[in-house]
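Asker: How does the following fold in three dimensions:
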Amino acid sequence: MEEAYYIGIDIGGTFTDVIAYESLSKNVRILKIPSTPLSPERAVIDALKSLGIAPENIALITHASTVATNALLTKVGLAKSALITNRGVRDVLEIGRQRRSEIYDLNYKRPPPLIMRKLRFAISGRISADGEEIEPLNFDEMKRLRARLYKEKVDSVAISFINSYRNNSQEFKVKDYLKDVTEYIFTSHEVDPEFREYERTSTTTVNAVLAPLISKYLRNLEGDLISIGIKSPFYMMGSNGGLNTITNASKMPISVIESGPSAGVIASSFISNMLNLKRVITFDMGGTTAKAGILIDGKPDISSEFEAAGRTHSGRSIKGSGYAVRFPFIDLAEVSAGGGSIAWIDEGGSLRVGPLSAGAEPGPAAYNRGGKNPTITDANILLGRIDPEYLLGGNMKIFKELSEIAIKQNIAERMGIDVNSAADGIISVANNMMGKALSIVSIERGRDPRDFLMMAYGGAGPLHACDLANELEIKSIIVPPNPGLFSAFGLLTVDVVRSISKSVVGKTLEEAKELLATLEDETISLLKKEGFVNVNAEKMLDIHYVGQSYEITVQYSDGVDPYELFRKKHYEIYGYDSNDPIEIVNAKVVAKAPVPKIVMKEALSEIKTPDVKWRRVYLGNEFTEVPVLKRESIARDSKGKGPAIIEGYDSTIVVNRGWTWNTDKYLNIVMRRD
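Answerer: Residues are numbered from 1 along each chain as shown. Now for the predicted structure:
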């Protein structure tokens, strides 16, 4: 039997991470290389070549990417799109929900609409709230519209009519009439068949402006893989925590906007289920941002709507600052505190960190690639928390003196303090920001963080985990093997997932049940048509009290009262329930098809002498000699106490004073607070 490799590739803002799992030996190869933002696929091909695996032995490739997110943030690469809607709602994208993300800023400007007004067309035709056609389409008008679209040379078209979730016939007719204009035509009833026209129109618009870019990116990447002899199945991580086929990701790019962040949470879920952990806070600190999430019984929080390319404040998404997208995604609190986040002094003389990041190019000052601004990574290097000689196992040259210059000139001298205090201040400000993100997913949602264990990962997460755990009084931390490549690991732990939803406003529970059965058959059929055999599905209902503008999703199964589940969940989240009338809003089905997955093997019980050296590390306002251990030299069932540093190829763990550590049978580092 020939060896078969399953490969996970996570393209981050700073590094591209690769994990290759060989299914016979259960051995793992890892690689971390700088990302190539201008051509993301180049880093993928370079990484695969560097692994040295014969193309015929690669059985599966999964990947996550920030291509969609970056395009929305920078507005570079987005398609020239047109929006077709009903008369009277041409400007729905700009009116939105009339939210101002900055209510006290007199110079506030809304994010520009993704489709300019001259390419937003309002035409005759109307469907009533009951789904009846009350005004027909005007085909003379449509003929003129088609000529205009040809003249404008649009790349894609979004079609969103009022009440099309009730009756999609007019959207179908317009799409069919315009089919020769472009291959990228999207109707709102196909993209987001739920009520609330702004969210439905915005979601369809985002899908339309991204589709040509994502389709081209995936085609190019697939072509590059074939050019080096790789012909294995190729999947992309979805925002909902499941894999997407390339075909579906190309048609529904909204499904992969939050591709990268979800992979780490899914990896945490995999470890949590394996270790039977019930309550886990996930903490992921990468090169650009830090993210926090929650796992209850191994399952992450899932939300149905987010602001693509929106801003955050202290970890909270700011409504109205981005583009509304209604698609299931793993709910995370995010702050601009990654290793590459830039420290600066504001007009009032206060020390700030982020939101700007040095990214992969030029990177932190210590990388010697032209970066002059001090970053969190520079602070960690200067304080001895990161070994300049051992980043990426010593394969990446680091210049500590450049970190010192950047922090001294930009922070210390301006604040009138010594350079070490300035670096320590950068760490403290970053920790404060990240602590707020952890509080949002726990305390602000009625969960006591003291009842949770922390899963710390990302290239920089284990550096700051003990500090944050002390702040929130979390007693235990798990740092998995290769935490700096944990999201890539997560790509090898998931199934292919397809989700479908449909509005059922005004329907009875029995009618909702009938629709769930229909949607279940539809989702299973979709995956089977793509070649998957063993497909199963979960059914869900979105429910709210009549008059509420938000819903809660509950699992549905025969013999279970969804209304009672809703009341219970509402109480858990908001602290109260009510006898007010309850309404079912949406029916949802999530179908899953298994693909080969990684299997963690138990480490051998063996006697090892850890590779230990000593280094001066800045702790508690002074430098202290601290033992530094190489993680690769630590055996199963080893133990020690802080302060200590545990260094790996991809990440460094700081064990604070008052903490102990040990390794379990899977070589996870488990830290406990005394």
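
Asker: Show the backbone phi and psi for the most centrally placed residue in the chain.
Answerer: Residue closest to the mean C-alpha point of the chain, counted by CA atoms, centre = their mean, is Pro261 at 2.5 Å. In terms of degrees, to the nearest 10, the main-chain angles of Pro261 are phi -60, psi -30.

Asker: any idea how far it lies from Asp637?
Answerer: To Asp637, Pro261 is 33 Å away according to CB to CB, to the nearest Å. Any C-beta I mention is one placed from the backbone N, CA and C, and that applies to glycine too.

Asker: Grab the nearest non-local neighbour of Leu515.
Answerer: Ala587 (4.6 Å; CB to CB, 6 or more residues apart in numbering).

Asker: Would you confirm that the one you found belongs to a strand?
Answerer: Yes. Judged by DSSP: H, G, I helix; E, B strand; the rest coil, Ala587 forms part of a strand.

Asker: Could you pull up the residues touching it?
Answerer: Listed by CB atoms under 8 Å, 6 or more residues apart in numbering, the contact set of Ala587 reads 501-502, 504, 512, 515-516, 519, 539-542.

Asker: Sitting in helices, which of these do you find?
Answerer: The helices, defined by DSSP state H, take in 512, 515-516, 519 from the contacts of Ala587.

Asker: what's the closest of these to Leu332?
Answerer: Using CB to CB, Leu519 comes nearest to Leu332 of the ones in helices among the contacts of Ala587, at 26.9 Å.

Asker: what about the closest one, how many neighbours?
Answerer: 21 (other CB atoms under 10 Å).

Asker: leaving aside the residues next to it on the chain, what's closest to it?
Answerer: Val589 (4.2 Å).

Asker: now that neighbour: how far from Thr518?
Answerer: Counting by CB to CB - Val589 and Thr518 are separated by 9 Å.

Asker: of those two, who's got more company?
Answerer: The neighbour count for Val589 versus Thr518, taken as other CB under 10 Å, is higher for Val589 (24 against 14).

Asker: hang on, the more buried one packs against Lys502?
Answerer: No. In this structure Val589 lies outside contact range of Lys502 using CB atoms under 8 Å: 9.1 Å.

Asker: Now the common contact residues for these two.
Answerer: Leu519.

Asker: Sketch out the low-pLDDT regions of the stretch 351-500 of the chain for me.
Answerer: Judged against pLDDT under 70, the stretch 351-500 of the chain has no low-scoring part.

Asker: Could you report the distance from Ile281 to Ser442?
Answerer: Distance, Ile281 to Ser442, using CB to CB: 6 Å.

Asker: Pull up the overlap in contacts between these two.
Answerer: Here Ile281 and Ser442 have 294, 449, 452 as joint contacts, going by CB under 8 Å, 6+ apart.

Asker: any chance of the residues you listed in TSV, plus neighbour count, distance to Thr553 and secondary structure?
Answerer: Below are the shared contacts of Ile281 and Ser442 laid out as TSV (neighbours: other CB atoms under 10 Å; distance: CB to CB, whole Å; DSSP: H, G, I helix; E, B strand; the rest coil):
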residue	neighbour count	distance to Thr553	secondary structure
Ile294	25	15	strand
Pro449	23	24	helix
Phe452	25	22	coil
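
Asker: I'd like those residues as CSV, with distance to Ser202 appended.
Answerer: Output for the shared contacts of Ile281 and Ser442, formatted as CSV (distance: CB to CB, whole Å):
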residue, distance to Ser202
Ile294, 27
Pro449, 34
Phe452, 34
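
Asker: Looking at those, which one is closest to Arg616?
Answerer: Pro449 (32.4 Å).

Asker: Run a quick check on that closest one versus Ile440, I expect a contact.
Answerer: No. Using CB under 8 Å, Pro449 makes no contact with Ile440, being 10.9 Å away.

Asker: Quick check: which ranges of this protein have low pLDDT?
Answerer: Residues of the chain that meet the cut-off, pLDDT under 70, sit at 1, 99-102, 310-321.

Asker: Break it into its domains for me.
Answerer: What automatic domain parsing lists as the domains of the chain is 5-71+215-256, 77-209, 260-337+430-490, 496-593, 612-673.

Asker: Most tightly packed of these?
Answerer: Among the domains of the chain, the stretch with the highest mean neighbour count (mean count of other CB atoms under 10 Å) is domain 260-337+430-490, at a mean of 23.

Asker: end-to-end on that one?
Answerer: 10 Å (CA to CA, to the nearest Å).

Asker: Give me the distance between it and the centre of its chain.
Answerer: Chain-centre distance of domain 260-337+430-490: 10 Å, with CA atoms, centre = their mean, to the nearest Å.

Asker: Stretch 652-671 too?
Answerer: Using CA atoms, centre = their mean, the offset of stretch 652-671 from its chain centre is 26 Å.

Asker: Between the two ends of it, how far is it?
Answerer: 14 Å.

Asker: next structured bit after the helix or strand where Lys592 lies?
Answerer: In this structure, Lys592 is located in strand 582-593 according to DSSP states H and E. From strand 582-593 onward toward the C-terminus, using DSSP H and E, the following helix or strand is strand 612-619.

Asker: which secondary structure elements does that following strand contact?
Answerer: helix 419-441, strand 622-630 (3 or more CB pairs under 8 Å, 6 or more residues apart in numbering; DSSP states H and E).

Asker: Please name whichever of these is nearest to Leu392.
Answerer: Ranking the helices and strands packed on strand 612-619 by proximity to Leu392 (CB to CB) places strand 622-630 first, at 13.8 Å.

Asker: Quick check: neighbours of that closest one in the sheet, parallel or antiparallel?
Answerer: According to DSSP bridges, strand 622-630 has the following sheet partners: strand 612-619 (antiparallel), strand 644-647 (parallel).

Asker: contacts for the longest one?
Answerer: The one in question is strand 612-619. Here strand 612-619 has contacts from 383-385, 387, 420, 423-424, 623-629, 643, 645, 656-657, using CB under 8 Å, 6+ apart.

Asker: now do 6 Å
Answerer: 383-384, 420, 623, 625-629, 643 (CB atoms under 6 Å, 6 or more residues apart in numbering).

Asker: now do the last one
Answerer: Outside strand 644-647, the residues that touch it by CB under 6 Å, 6+ apart are 390, 626-631, 653, 655.

Asker: Could you verify that Cys466 is part of a helix?
Answerer: Yes. Cys466 forms part of a helix when assessed by three-state DSSP.

Asker: so it makes contact with Asn656?
Answerer: Yes. Applying CB atoms under 6 Å as the test, Cys466 and Asn656 come out as touching, 3.8 Å apart.

Asker: which one of the helices and strands packed on strand 612-619 lies closest to Ile573?
Answerer: It is, among these and with distance given as CB to CB, helix 419-441, at 12.2 Å.

Asker: The closest one packs against which elements?
Answerer: When contacts are defined as 3 or more CB pairs under 6 Å, 6 or more residues apart in numbering; DSSP states H and E, helix 419-441 sits against strand 290-296, strand 333-335, strand 351-357, helix 376-382, helix 400-407, helix 461-472.

Asker: So which of these is nearest Glu22?
Answerer: Closest to Glu22 of the helices and strands packed on helix 419-441, according to CB to CB: helix 461-472, at 26.0 Å.

Asker: tell me how far the strand holding Lys592 is from the chain's mean position?
Answerer: Offset of strand 582-593 from its chain centre (CA atoms, centre = their mean): 22 Å.

Asker: Can you tell me the strand partners of it and which way each runs?
Answerer: Paired strands of strand 582-593, defined by DSSP bridges, are strand 496-503 (antiparallel), strand 536-545 (antiparallel).

Asker: Kindly export that strand (C-alpha atoms) in CSV.
Answerer: This file holds the C-alpha atoms of strand 582-593, laid out as CSV (Å, rounded to 0.1, in the frame of the first residue of the first chain):
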residue,chain,number,x,y,z
ILE,A,582,-43.1,32.9,19.3
GLU,A,583,-42.5,32.8,15.6
ILE,A,584,-40.4,30.6,13.4
VAL,A,585,-38.4,32.7,10.9
ASN,A,586,-36.1,30.4,8.9
ALA,A,587,-35.7,26.7,8.3
LYS,A,588,-32.1,25.5,7.8
VAL,A,589,-30.3,22.3,6.9
VAL,A,590,-26.6,21.6,7.1
ALA,A,591,-25.4,18.5,5.2
LYS,A,592,-22.0,16.9,5.8
ALA,A,593,-19.9,14.5,3.7
